[in-house]
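> Fold the following for me, if possible:
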Amino acid sequence: MEFFRIRRDIPFMRHALVFNAISFLTFAAAVFFLFTRGLHMSIEFTGGSLIEVQYAQSADLSRVRAAVETLGLGEVQVQNFGTSRDVLIRLPQRAGMKQTEVVAKVYGALCQAEKGQIQAQVTDKGTVQACQAGGVSPVTLQRSEFVGPQVGDELARDGALALGVTVLGIMIYLAFRFEWKFAVAGIVANLHDVIIILGFFAYFQWEFSLSVLAAVLAVLGYSVNESVAIFDRIRAAFRKYRKLRTPEVIDHAITSTMSRTIITHGSTEMMVLAMLIFGGPTLHYFALALTIGILFGIYSSVFVAAAIAMWLGVAREDLVKSTKKDLDPNDPHSGAVV
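Sure, this is the predicted structure:
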């Protein structure tokens, strides 16, 4: 499906050197911020407290967050899970404070925000602290646990392993599907997108959580999909246009996929922007990482992957097997495939 068609090929590769220089400078800046500022890891990686509470009515997340922030326990994450009455609260690890103290303070603040008081109640499990307001319990403590630094380190290792396996799988796929030059170009373009996303998070000190890691892995797949579409068109153009030079073949391939690129990336970005604007704090950084990845994914597929393939010397012989007819010097159309 084509939204529109560009009749004349756009000479992208004529400016490939300039675009590659811009990519290199952006990449270098991202690496610099990663090493100098580092990532602001969430408690899944650094350790901290997880507290689950249940409200009698639908919970107002902004009020819950405001009540916990008054305690000064650090950056707090508040989100619904299951139903609108169930709330999950994440708090960073606090030196010199026990888990029970943190839970007691948070639960007390939530109870006070609901105009209630903490009272001791005897249950089958023993004496527990419950919030009471007018004979009812407006908020109930369901569960609390502590995520230690060891668990956080294990998650960080698993995340890095997932990223490495994804990159390796993409490289193997491109090498078998096309040719090793395209595999190298595709991996460089994908790493370009990942490092730039991480660079943004390092520079602005946005929180890097498991959901952001999931967004980075999604961007890897999304970016390689765009690169494969362009590589497919390059291979088809080499077969069809025998007399075109490699830069002209690449320009034709990119121009012919322009309509598809605008439709797919535009529709996807509309959905991501909806999550970014209306998704609240829970989806904010996830959608932000996807937005950065989609925008730079378009750039890298066109100006990085295709250009690197050209610099590596990709040619018709790499993608189209020659036959005797292709080598016939007396046939002016030898090698052309219809």
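> Can I take it that K243 is in a helix?
No: applying DSSP: H, G, I helix; E, B strand; the rest coil, one finds K243 to be coil, outside a helix.
> Assumed I89 was part of a strand.
Yes: with three-state DSSP as the criterion, I89 is part of a strand.
> Begin at 44, not 1, for the rest of this chat.
Renumbered: residue one is now 44, and that last one reads I132.
> pLDDT wise, what is G202 at?
Among the per-residue scores, G202 shows a pLDDT of 75.
> and the gap between it and H235?
Using Cβ to Cβ, to the nearest Å, G202 is found at 19 Å from H235. Every residue, glycine included, has its C-beta placed from N, CA and C.
> which one of the two has more residues nearby?
Counted by other Cβ atoms under 10 Å, G202 and H235 do not tie: H235 has more neighbours, with 24 against 19.
> Pull out the buried positions in the helix or strand harbouring that one.
Counting by DSSP states H and E, the element that carries H235 is helix 223-247. Buried residues in helix 223-247, defined by neighbour count with 16 or more other Cβ atoms under 10 Å: 224-245.
> Near F321, how many other residues are there?
Quick note: F321 (other Cβ under 10 Å) scores 9 neighbours.
> How about S105?
S105: 11 neighbours (other Cβ under 10 Å).
> same deal with the one 5 residues further on?
Each residue near A110 was counted by other Cβ under 10 Å, and the total is 21.
> Could you tell me whether it really is in a strand?
No: under the criterion used here (three-state DSSP), A110 is helix, not part of a strand.
> nearest residue to I213 other than its sequence neighbours?
Closest residue to I213 apart from its sequence neighbours, by Cβ to Cβ, 6 or more residues apart in numbering: V267 at 5.1 Å.
> next SSE after the longest helix anywhere in the chain?
The helix that spans the most residues within the chain, counting by DSSP state H, is helix 253-283. Next helix or strand after helix 253-283 toward the C-terminus (DSSP H and E): helix 289-299.
> List of residues touching that next one?
By Cβ atoms under 8 Å, 6 or more residues apart in numbering, the residues outside helix 289-299 that reach it are 49, 51-57, 59, 273, 276-277, 279-281, 284, 287, 345, 349, 352-353, 357-359.
> could you check the angle helix 253-283 makes with that helix?
Here helix 289-299 runs at an angle of 120 degrees relative to helix 253-283 (axes from the mean of the first three to the mean of the last three Cα atoms, to 10 degrees).
> Pull helix 289-299 out as PDB, backbone CA atoms only.
Coordinates of each C-alpha in helix 289-299 appear next as PDB, following Å, rounded to 0.1, in the frame of the first residue of the first chain:
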ATOM      1  CA  THR A 289      25.400   1.300  -6.200                       C
ATOM      2  CA  PRO A 290      24.600   4.800  -4.700                       C
ATOM      3  CA  GLU A 291      21.800   5.200  -7.300                       C
ATOM      4  CA  VAL A 292      20.400   1.800  -6.500                       C
ATOM      5  CA  ILE A 293      20.300   2.600  -2.800                       C
ATOM      6  CA  ASP A 294      18.700   6.000  -3.500                       C
ATOM      7  CA  HIS A 295      16.000   4.300  -5.500                       C
ATOM      8  CA  ALA A 296      15.400   1.700  -2.800                       C
ATOM      9  CA  ILE A 297      15.000   4.300   0.000                       C
ATOM     10  CA  THR A 298      12.800   6.500  -2.100                       C
ATOM     11  CA  SER A 299      10.500   3.600  -3.100                       C
END
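> Cheers, nothing more for now.
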